[in-house]
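In: take a look and give me a structure for this.
(2 chains)
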Amino acid sequence: SQQGEEDPQALSIQEGENATMNCSYKTSINNLQWYRQNSGRGLVHLILIRSNEREKHSGRLRVTLDTSKKSSSLLITASRAADTASYFCATDIWGYGGSQGNLIFGKGTKLSVKP
Amino acid sequence: GAVVSQHPSWVICKSGTSVKIECRSLDFQATTMFWYRQFPKQSLMLMATSNEGSKATYEQGVEKDKFLINHASLTLSTLTVTSAHPEDSSFYICSARFSSQETQYFGPGTRLLVL
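Out: Numbers count the residues shown, from 1 in each chain, chains lettered A, B, ... in the order given. The predicted model follows:
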């Protein structure tokens, strides 16, 4: 069953602008991960944020996590045409004895960056 | 980073035939491998989790007799779609992780078209 819900479903911006995507989830998590998928290709791991972390940075990426609201956001600053892709959040949820280890993916946000 | 390969990258087959997809971890030992399915414009749905040397755990609604998973070694897992039907046409993606690591490494995916 799906746990994460991203919004918006689609986002179109101009090169140089910032892009913000949000993800909400339902159950307690061990960590939350963001992935990128170019059309018809595999997934690329972008960033992982643990349940006890609130913010994480990686290059032009900034991820926040609010466990009280069960939500996360991914910010891409100074976007480029090459950032055009679908972005998914995935939750690693708690199970008996700790992390269940399997990821539950959201529906994704399709980002289009126009040059 | 860790590399996961899939073979074949795409396959077209006739209805009723069986198709085998391989997932290999190239530079690390994958104690756990995951198989996902992605329909067009949709998110990834976990099909099954397999640990080396033991039977795969299937998600609800996934027929284990139709989707045979073998994780015979620490670097290879196979998914066999038996008696394929057009509705099995999809993008199949595997991922692998080592021991209790949180990060999964995804393969590039296999596109299956059943005629």
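In: what ranges do the strands span in the chain?
Out: Picking chain A for this. A:5-7, A:10-14, A:19-24, A:29-37, A:43-50, A:55-58, A:61-66, A:71-76, A:85-95, A:98-105, A:109-114 (DSSP state E).
In: to clarify, I was referring to chain B.
Out: With DSSP E applied, chain B shows strands at B:4-7, B:10-13, B:19-25, B:32-38, B:44-51, B:57-58, B:67-73, B:76-81, B:90-97, B:105-106, B:110-114, listed in chain order.
In: returning to that earlier point: out of the strands of chain A, nearest to residue B:6?
Out: Each of the strands of chain A was scored for nearness to residue B:6 using CB to CB, and the closest is strand A:43-50 (11.9 Å). Placement of C-beta: from N, CA and C, glycine included.
In: hmm, that closest one touching chain B?
Out: Yes: using CB under 8 Å from any CB of the partner chain, strand A:43-50 comes into contact with chain B via A:43, A:44, A:45, A:48.
In: now restrict the residues you listed to buried residues only.
Out: Neighbour-count burial (16 or more other CB atoms under 10 Å in any protein chain shown) applied to these gives A:43, A:45, A:48.
In: including distance to residue A:68 and pLDDT, could these go into CSV?
Out: Shown next, in CSV, are these (distance: CB to CB, whole Å; pLDDT from 0 to 100):
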residue, distance to residue A:68, pLDDT
A:43, 28, 91
A:45, 26, 91
A:48, 20, 94
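In: tabulate the strands of chain B (TSV), appending mean pLDDT, mean neighbour count and distance to chain A.
Out: Conversion of the strands of chain B to TSV gives the following (pLDDT from 0 to 100; neighbours: other CB atoms under 10 Å in any protein chain shown; distance: least, CB to the nearest CB, whole Å):
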stretch	mean pLDDT	mean neighbour count	distance to chain A
strand B:4-7	95	18	8
strand B:10-13	96	14	10
strand B:19-25	96	21	11
strand B:32-38	93	24	6
strand B:44-51	91	22	5
strand B:57-58	92	16	9
strand B:67-73	90	18	14
strand B:76-81	96	22	14
strand B:90-97	94	25	6
strand B:105-106	91	24	4
strand B:110-114	96	19	7
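In: many thanks, have a good one.
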